[in-house]
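Novice: predicted model follows, preceded by the sequence.
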There are 2 protein chains.
Amino acid sequence: MARILITSGPTRQYIDPVRYLTNASSGRMGCSLAESAVAAGHEVVVVSGPVMVDYPSEATVLWVTTTEEMLDVARQEFATCDGLIGVAAPCDYRPQFVQGQKISKTGQPLVLELIETPDIVATLGAEKGSRWVVGFALETEDHRFRALVKLEKKSCDLMVLNGPEAMNSDDNQVEVLAKDGSVLASISGSKPEVANHIMQIVSQRLVQA
Amino acid sequence: MARILITSGPTRQYIDPVRYLTNASSGRMGCSLAESAVAAGHEVVVVSGPVMVDYPSEATVLWVTTTEEMLDVARQEFATCDGLIGVAAPCDYRPQFVQGQKISKTGQPLVLELIETPDIVATLGAEKGSRWVVGFALETEDHRFRALVKLEKKSCDLMVLNGPEAMNSDDNQVEVLAKDGSVLASISGSKPEVANHIMQIVSQRLVQA
């Protein structure tokens, strides 16, 4: 059995006190993975952005809003975990300057300079030591190639590849890729079914008995 | 009794197939207003952005994603309504160019040129004729002054002023402002309580017997 850290849901990057950048991640895949991991007897810590799903009561759930907060909390929790499943969709751009007051409309274009937020899976991957890391890649083109580049760059042991149609959907269709570029599984079905299959692969290949 | 159009919730403006600009509007104030209006015997049409609230089953609910869609649908419905309560928080900026594929991270800043979306309440206000329009203003500074400017600019009959702490909260604290600048009511309480009080004012001042 293992102690597994799961990042889940979107994050938000505010441009002023009202408006923010985000994505439609619902936390459902993270919730299903948490349920599968609990059912398999693992201890589960979820670090989640703002979503409406009910994570399993057996899991420890820590709520965050921004990518920086998700990184801080996940890094702290990763210290006592055996592995990470990074299924969150952290907002990966933030405005260089955040306005303290609501930006008023002037009729003129508003130029927003965005900079990249820290990459949570890559950061924890680089620090993982003997722990294992499973990443998720959401791609809209050159799917498998980009997912394998991310697997390498983020020091992952497995990379799960899906498309934007997975977001806020009940179903999912994924490929699980190994370090050598092989496709370990192509899975489609409801998110709980897909999560169960992914957890089986994680348990077999990564979790030490 | 009247046929009342209520716009509710946030809208989303996508910058690519995954990322979008939005705000934390939960649709709860719109839902409470719809409930109050139904309870007062009015016919209610809700045009709502993506939210998780359960609008009253007696209301007709039309779902939209973007501000442009909300304007199109609201304008169509307004034709057969007696008045509009514009409590939605439409995203008021959109990227000048929407990327067809997910923007890849390069390590470099990303400059986003945003332009204003059409103002739904102002557009319907300008076309209202004998119909009435109630606007909502969410301000973080110079609250009452800015709300009155919006009342005038958007051809509203009443303007309800609240702050960003109202967003995604169970409670609300508002001022109801009239055209002559007078404060008709300062209301605080749960969103259903605040909605009931606002609907009383709307019924008394705007709905024709």
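Specialist: On my side now, so go ahead.

Novice: got the residue ranges for the helices in chain A?
Specialist: Along chain A, counting by DSSP state H, helices occupy A:28-39, A:67-78, A:120-126, A:143-153, A:191-205.

Novice: of those, which is nearest chain B?
Specialist: helix A:143-153 (7.7 Å; Cβ to the nearest Cβ). (C-beta placed from N, C-alpha, C; glycine too.)

Novice: centre of the chain to that closest one, how far?
Specialist: How far helix A:143-153 lies from its chain's middle: 15 Å, per Cα atoms, centre = their mean, to the nearest Å.

Novice: let me know which of the helices of chain A is tucked in deepest.
Specialist: Across the helices of chain A, averaging neighbours per residue (mean count of other Cβ atoms under 10 Å in any protein chain shown) puts helix A:28-39 on top, at a mean of 25.

Novice: can I get it as CSV, trimmed to CA atoms?
Specialist: The C-alpha trace of helix A:28-39 is given here as CSV (Å, rounded to 0.1, in the frame of the first residue of the first chain):
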residue,chain,number,x,y,z
ARG,A,28,-14.1,14.4,-11.9
MET,A,29,-11.1,12.5,-13.1
GLY,A,30,-9.2,13.4,-9.9
CYS,A,31,-12.2,12.4,-7.8
SER,A,32,-12.5,9.0,-9.7
LEU,A,33,-8.7,8.4,-9.2
ALA,A,34,-9.0,9.2,-5.5
GLU,A,35,-11.9,6.7,-5.2
SER,A,36,-10.0,4.0,-7.1
ALA,A,37,-6.9,4.6,-4.9
VAL,A,38,-8.9,4.5,-1.7
ALA,A,39,-10.7,1.3,-2.9
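
Novice: what's that helix in contact with?
Specialist: Residues outside helix A:28-39 that contact it (Cβ atoms under 8 Å, 6 or more residues apart in numbering or on different chains) are A:4, A:6-9, A:44, A:46, A:48, A:53-56, A:58-59, A:85, A:87-88, A:136, A:166, A:168-170, A:172, A:191-192, A:194-196, A:198-199.

Novice: narrow those residues to those that are buried.
Specialist: Among the contacts of helix A:28-39, the ones that count as buried by 16 or more other Cβ atoms under 10 Å in any protein chain shown are A:4, A:6-9, A:44, A:46, A:48, A:53, A:55-56, A:59, A:85, A:87-88, A:136, A:166, A:169, A:172, A:191-192, A:194-196, A:198-199.

Novice: just to revisit the earlier point, so which of the helices of chain A is nearest residue B:69?
Specialist: For residue B:69, the closest of those is helix A:28-39, at 24.4 Å, according to Cβ to Cβ.

Novice: what parts of chain A come near chain B?
Specialist: A:12, A:15-24, A:52, A:89, A:91-93, A:96, A:101-102, A:104-105, A:107, A:109-116, A:119, A:138-141, A:146, A:164, A:167 (Cβ under 8 Å from any Cβ of the partner chain).

Novice: tally up the residues packed near residue A:154, please.
Specialist: Using other Cβ atoms under 10 Å in any protein chain shown, the number of residues around residue A:154 comes to 21.

Novice: just the residues of chain A next to chain B: which are in strands?
Specialist: Assignment to strands by DSSP state E places the following of the residues of chain A next to chain B there: A:19-23, A:93, A:110-116, A:138.

Novice: export the residues you listed to CSV and append columns for neighbour count and distance to residue A:38.
Specialist: CSV is the format used below for those (neighbours: other Cβ atoms under 10 Å in any protein chain shown; distance: Cβ to Cβ, whole Å):
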residue, neighbour count, distance to residue A:38
A:19, 24, 36
A:20, 22, 31
A:21, 24, 32
A:22, 25, 27
A:23, 26, 26
A:93, 21, 33
A:110, 16, 45
A:111, 10, 46
A:112, 22, 41
A:113, 12, 42
A:114, 21, 37
A:115, 14, 37
A:116, 15, 33
A:138, 21, 25
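
Novice: adding pLDDT, write those out as JSON lines.
Specialist: Output for these, formatted as JSON lines (pLDDT from 0 to 100):
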{"residue": "A:19", "pLDDT": "94"}
{"residue": "A:20", "pLDDT": "96"}
{"residue": "A:21", "pLDDT": "97"}
{"residue": "A:22", "pLDDT": "97"}
{"residue": "A:23", "pLDDT": "95"}
{"residue": "A:93", "pLDDT": "96"}
{"residue": "A:110", "pLDDT": "93"}
{"residue": "A:111", "pLDDT": "93"}
{"residue": "A:112", "pLDDT": "92"}
{"residue": "A:113", "pLDDT": "94"}
{"residue": "A:114", "pLDDT": "95"}
{"residue": "A:115", "pLDDT": "96"}
{"residue": "A:116", "pLDDT": "96"}
{"residue": "A:138", "pLDDT": "89"}
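
Novice: ok, residue A:45 - contacts?
Specialist: A:3-6, A:59-60, A:62, A:77, A:81.

Novice: same deal with residue A:43?
Specialist: Counted by Cβ under 8 Å, 6+ apart, residue A:43 has contacts A:1-4.

Novice: need the buried ones from these selected in ChimeraX.
Specialist: The buried residues among these can be selected in ChimeraX (16+ other Cβ under 10 Å) with this line:
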select /A:2,3,4
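
Novice: coming back round to it: the contacts of residue A:45 in strands, which ones?
Specialist: A:3-6, A:60, A:62.

Novice: tell me the one among those residues nearest to chain B.
Specialist: Using Cβ to the nearest Cβ, those come closest to chain B at residue A:62, 19.1 Å.

Novice: count the residues that sit near the closest one.
Specialist: Neighbour count of residue A:62, defined by other Cβ under 10 Å: 17.

Novice: would you agree it is in contact with residue A:77?
Specialist: Yes: here residue A:62 lies in contact with residue A:77, judged by Cβ atoms under 8 Å, at a distance of 7.1 Å.

Novice: which neighbours do the two share?
Specialist: In contact with both residue A:62 and residue A:77: A:45, A:47, using Cβ under 8 Å, 6+ apart.

Novice: where does chain A have low pLDDT?
Specialist: A:208-209 (pLDDT under 70).

Novice: one more pass at 50, please.
Specialist: By pLDDT under 50, the weakly predicted segments of chain A are A:209.
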